[in-house]
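Engineer: Return atomic coordinates for the entry below.
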Amino acid sequence: MRRHRVRATRRIAVRSAALLLTTALAASTPLPALATSQAPARPSASVDPLIGSANGGNTYPGATLPFGMIAWSPTSTTGDQTSTGAANGYQYDTKRIRGLSLTHVNGAGCNPGAAGDVPIMPFVGDVTSSPSADTKDAVYAADFSHADEKATPGRYTLGLASGAAADLAVSKRAGVADFTFPGDRPANLLFRVSNSLNGSENARVDIDAVHRKVTGWVHTGAFCGRRANGGVNNRKSYYKLYFSASFDRAFSSVGTWKDGSLSPGATSASGGEGYATGADRAGRGSGGWVGFDTSADNDVRMRIGISYVSQAGAESNLRAEIPPHSDVDRVAQAGARAWDRELDSVRVEGGTEARRTAFSTALYHSFQQPNLISDTDGRYWGMDQSVHRVTPRQGAQYSNFSGWDQYRAQIQLLALLKPRVAGDFAQSLYNFARQNGGVWDRWVHLSGATHVMTGDPSAATLATFYAMGVRNFDYEGAFDSLVRQATVPHPDGLSDAGCPGQCAGQRPNLTQYLSSHYAAQDVCHCWGGAAETLEDAVADSALASWARLLGRDTEAEVLAERGSWWRNVFNPDATAEGGYIQARNLDGSWKTPFTPGTDVGFAQGTSATYTWMVPQDVRGLAEAMGGRERAAARLDGFFHRPDGSWSVRGGDPLRYDPTNEPGIHAPWLYNALGRPWRTQATVRQILDTVYGTGPSGLPGNDDLGTMSAWYVLSCLGLYPQTPGSANLLLGAPVFTRAVLDRPGGTDITIEAPAADATHQYVGAVRLDGRVHDMSWVGPRLTRSGGTIAFRLAEQPDTRWATDPARLPR
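Structural biologist: Model prediction:
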């Protein structure tokens, strides 16, 4: 039944919608009062999607489902129609929007991010000029207050200062919205089809008043196309997003625009904006609008489906997932249940309400990717710009792979908790590689190879999946393909296209690398020779571990030796205080001048950080530094200032940076140095002071769930030892009990009855009832499950897990 709220205010519209959702959830499962030992009955009730929406976290608050295709969230504006408040469209302190766009990527760092396709704007007033000509977003945008905003998993509501409001809920590939307008003013919905975050090559809108439909598409891509370090090379299109929107009521007016021209009454328009920014792009683009008579009924319901394959695919997805007569409440309730099922894969007890909120939200952000790109019929748009169908063993095709980030934590969490999705994702990346001439790209956005960052993270990722028991992908074919990429030079490896930040070569100048056993700074065709060497050594070590598991001993031996090539960029005489990772030239000379704070030869980090990026050979790194004692002392200096105070919040080029990936494993290195109590203290300090609740609750870019996955694993007292391994390092859990619900009866239970704010040290551990005097566990736990019981203490136990013969390698 329609709501007849003539002259409804934005606050009434949003709060009514929020009350309906709260009532519906309460009716199905009562929410108990939160105590320090009691979690909400519904996991989704503990999630705050606004965490990470400030402080550079670049998360988005809109409606999305686990691993879903659609992510319906605001595109904000600071007065430039060719930009936005922050990467990925939303920044908490920017309180003006120009639309609610259909696609987003969680936490990517390149401003303005990726996707943000087809912003749909509820506009109060007459459309009297082209919205594309409103280059400062002065007319066809609106302010809002956070008091009129509510975000929950699968649902987003927003009231605007104009008097309009939106209530959104989604399935995996479709969504439904209730838009409300003042009853005494013109009411319109603008479809800004060309205004993706990065711009567009072309776009089209078609309005069918007879059937009350708006359809169209945008042809776009260009992830990181604005970066000054080679982004121009990425200003290209690699996907089309199709949409089909159906309405429950007739249109009172229609119209379209292109660039500066407005065409009232027209029903079709096309035209893109290009991929520049500011004055080079301002004023271009196309779109359309539909108007409604709200004098007697101020509510407009819209259902919308999307597809990367075709218009028919968008319509089929909509019919399959949100049929006619669906309403926001029912779709939102189904979405909340979907999130509950996924979030219930980790059930925790104990901890404060704030800790559970931060933890549940981190798990929520970790499960936002990879993203579904195949339609309900299994078809998807491939990297060769053709339509494909998922393989017979594959459940779905996924994309959005921020490899350089994710292989360090998010990939392991995915394999641990969602091995079926992990396998489908592995097969998806292999499918893309076969469509891309055998090249595995390090940063895949939808169907595009963007080349962003450095190294060969696909090797580390798939090797990790296999080591952790994931088998539902063509692992023999994928292994052979990745080894070929690591051993057979590709012409792109000699190209400087996109360099330094998105070099086209995935194993740059491989011939030189295989000859010199390091990436030479002066001829590497890469972001930084030292960083490239470290990344490739990690990848090759992971491939070696995979080869051993496959019984490919010859390849394992060769690749394992390559995994030690990090030594060729370790200069033992770099400083008077000790050795550091340092870039070197083709002739073998070290790149000078050098200080530990230099970023020459590195990617988004300094030598001080990258020197610790040898997770596959911590023992060897310690030996190179002069032994475990010396290495531990240096690691202390990495986390503390000279006066002994903590330095874990970033901003110091000589010390730990929690905002970026190359050093996020460093707190866990103490385990291999025989100082596990220092891992426990350092991790707890980061958990307590760097992460938290509220919009600034993440230290920096979430990077497609990577930083969130670090938090989840660290709260559980577990962390991956190195890529290509199923071994887990042990820390101190923050919850009294946690159950990791895994398929096939392989659950992992973590018990720490004394866990609280003061008990942050491990005094003893039992694994399946037996004394476990090591600061790591092997692959059996990961693959078969079991119970880890921790006895926690208030003071460090400097004897537990310190036997040199039993340290992690």
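
Engineer: most centrally placed residue in the chain?
Structural biologist: For the chain, Leu704 is the residue whose C-alpha lies nearest the centre (C-alpha atoms, centre = their mean; 0.8 Å).

Engineer: Convert stretch 443-463 to PDB, retaining C-alpha atoms only.
Structural biologist: Provided in PDB are the C-alpha atoms of stretch 443-463 (Å, rounded to 0.1, in the frame of the first residue of the first chain):
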ATOM      1  CA  TRP A 443      45.300  -5.500 -10.200                       C
ATOM      2  CA  VAL A 444      42.200  -6.600 -12.000                       C
ATOM      3  CA  HIS A 445      39.200  -4.300 -12.000                       C
ATOM      4  CA  LEU A 446      36.100  -6.000 -13.400                       C
ATOM      5  CA  SER A 447      37.300  -7.200 -16.900                       C
ATOM      6  CA  GLY A 448      40.300  -4.900 -17.100                       C
ATOM      7  CA  ALA A 449      44.000  -5.400 -16.600                       C
ATOM      8  CA  THR A 450      45.100  -2.200 -14.800                       C
ATOM      9  CA  HIS A 451      48.700  -3.200 -13.900                       C
ATOM     10  CA  VAL A 452      48.500  -1.100 -10.700                       C
ATOM     11  CA  MET A 453      51.300  -1.600  -8.100                       C
ATOM     12  CA  THR A 454      54.200  -4.000  -8.400                       C
ATOM     13  CA  GLY A 455      55.200  -7.700  -8.100                       C
ATOM     14  CA  ASP A 456      53.300 -10.900  -9.100                       C
ATOM     15  CA  PRO A 457      50.700 -11.300  -6.400                       C
ATOM     16  CA  SER A 458      48.600 -13.800  -8.400                       C
ATOM     17  CA  ALA A 459      51.300 -16.400  -7.800                       C
ATOM     18  CA  ALA A 460      51.300 -15.700  -4.000                       C
ATOM     19  CA  THR A 461      47.500 -15.700  -4.000                       C
ATOM     20  CA  LEU A 462      46.800 -19.000  -5.800                       C
ATOM     21  CA  ALA A 463      49.700 -20.800  -4.000                       C
END
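
Engineer: Quick one: mean pLDDT over that stretch.
Structural biologist: Average pLDDT, stretch 443-463: 97.

Engineer: same deal with stretch 149-165?
Structural biologist: In this model, stretch 149-165 has an average pLDDT of 98.

Engineer: And the pLDDT at Ser775?
Structural biologist: According to the prediction, Ser775 has pLDDT 98.

Engineer: Now do the same contact list for it.
Structural biologist: Listed by C-beta atoms under 8 Å, 6 or more residues apart in numbering, the contact set of Ser775 reads Asn671, Pro676, Thr679, Leu729, Leu730, Val762, Trp800, Ala801, Leu807, Pro808. C-beta coordinates here come from the backbone N, C-alpha and C atoms, glycine included.

Engineer: The same query, at a cut-off of 7 Å, please.
Structural biologist: Shown in contact with Ser775 (C-beta atoms under 7 Å, 6 or more residues apart in numbering): Asn671, Pro676, Leu729, Leu730, Ala801, Pro808.

Engineer: ok, the residues you listed vs Thr77, which is closest?
Structural biologist: Of all the contacts of Ser775, Leu729 has the smallest distance to Thr77: 44.1 Å, by C-beta to C-beta.

Engineer: and the closest one, which of the three is it?
Structural biologist: strand (DSSP: H, G, I helix; E, B strand; the rest coil).

Engineer: Surely Tyr380 and His388 touch.
Structural biologist: Yes. Here Tyr380 reaches His388: they are 5.8 Å apart, a contact under C-beta atoms under 7 Å.

Engineer: Give the full set of residues in contact with the nearest residue to Pro153 once chain neighbours are set aside.
Structural biologist: Distances taken as C-beta to C-beta, 6 or more residues apart in numbering place Trp339 nearest to Pro153, at 3.9 Å, with adjacent residues excluded. Applying C-beta under 7 Å, 6+ apart, we find Trp339 in contact with Ser44, Pro66, Pro153, Gly154.

Engineer: ok, Trp339 to Arg42 distance?
Structural biologist: To Arg42, Trp339 is 9 Å away according to C-beta to C-beta, to the nearest Å.

Engineer: By mean pLDDT, flag the weakest helix or strand of the chain.
Structural biologist: In the chain, the helix or strand scored least confidently by mean pLDDT, DSSP states H and E is helix 10-28, which has a mean of 34.

Engineer: Against which helices or strands is the next helix or strand after that helix packed?
Structural biologist: Next helix or strand after helix 10-28 toward the C-terminus (DSSP states H and E): strand 63-64. Helices and strands touching strand 63-64, by 3 or more C-beta pairs under 7 Å, 6 or more residues apart in numbering; DSSP states H and E, are strand 165-170.

Engineer: Give the rounded mean pLDDT of stretch 377-393.
Structural biologist: Across stretch 377-393, the average pLDDT comes to 97.

Engineer: show me what contacts the closest residue to Trp217 other than its chain neighbours?
Structural biologist: Spatial nearest neighbour of Trp217, excluding adjacent residues (C-beta to C-beta, 6+ apart): Tyr242 at 4.5 Å. Residues near Tyr242 by C-beta under 7 Å, 6+ apart: Trp217, Ile306, Ser307, Ser310, Gln311, Gly313, Ala314.

Engineer: again, only this time at 10 Å
Structural biologist: By C-beta atoms under 10 Å, 6 or more residues apart in numbering, the residues touching Tyr242 are 118, 204, 215-218, 305-315, 317, 375, 381.

Engineer: what is it paired to in the beta sheet?
Structural biologist: Bridge pairing for Tyr242 (DSSP bridges) gives the partners Trp217, Ser307.

Engineer: measure it to Thr294 for me?
Structural biologist: Tyr242 is 29 Å from Thr294, by C-beta to C-beta.

Engineer: go on, Asn317?
Structural biologist: With C-beta to C-beta as the criterion, Asn317 and Thr294 are 29 Å apart.

Engineer: Next, please give the residue ranges for the helices of the stretch 701-809 of the chain.
Structural biologist: Taking DSSP state H, counting those that start in this stretch as the test, the helices found in the stretch 701-809 of the chain are 706-716, 779-784.

Engineer: which of those helices is buried the deepest?
Structural biologist: Of those, the one with the most neighbours on average (mean count of other C-beta atoms under 10 Å) is helix 706-716, at a mean of 28.

Engineer: host element of the residue nearest to Pro153?
Structural biologist: Per DSSP H and E: Trp339 is located in helix 328-343.

Engineer: and after that helix, which helix or strand comes next?
Structural biologist: strand 346-349.

Engineer: What are the buried residues along the next helix or strand after that next one?
Structural biologist: For strand 346-349, the following helix or strand on the C-terminal side (DSSP H and E) is helix 353-366. Neighbour counts over helix 353-366 (16 or more other C-beta atoms under 10 Å) mark 353, 355-366 as buried.

Engineer: which ones are touching the residue nearest to the centre of the chain?
Structural biologist: Neighbours of Leu704 in contact, by C-beta under 10 Å, 6+ apart: 105-108, 114, 365-366, 368-371, 400-403, 405-406, 410, 443.

Engineer: for Pro489, same thing?
Structural biologist: For Pro489, the contacting residues are Gly505, Arg507, Pro508, Asn509, Leu510, Thr511, Gln512, Tyr513, Leu514, by C-beta under 10 Å, 6+ apart.

Engineer: let's go with 8 Å and repeat that
Structural biologist: Arg507, Asn509, Leu510, Thr511.

Engineer: Wait, Val300 touches Arg249, no?
Structural biologist: Yes. Using C-beta atoms under 8 Å, Val300 is in contact with Arg249, at 6.4 Å.

Engineer: Look at those two and report which has more neighbours.
Structural biologist: Of the pair Val300 and Arg249, Val300 is the one with more neighbours under other C-beta atoms under 10 Å, namely 25 against 15.

Engineer: Give me the helices and strands touching the helix or strand encompassing the more buried one, please.
Structural biologist: Val300 is part of strand 299-307, with elements assigned from DSSP H and E. For strand 299-307, the elements it packs on are strand 174-180, strand 187-191, strand 237-247, helix 311-321, judged by 3 or more C-beta pairs under 8 Å, 6 or more residues apart in numbering; DSSP states H and E.

Engineer: Alright, that wraps it up for me.
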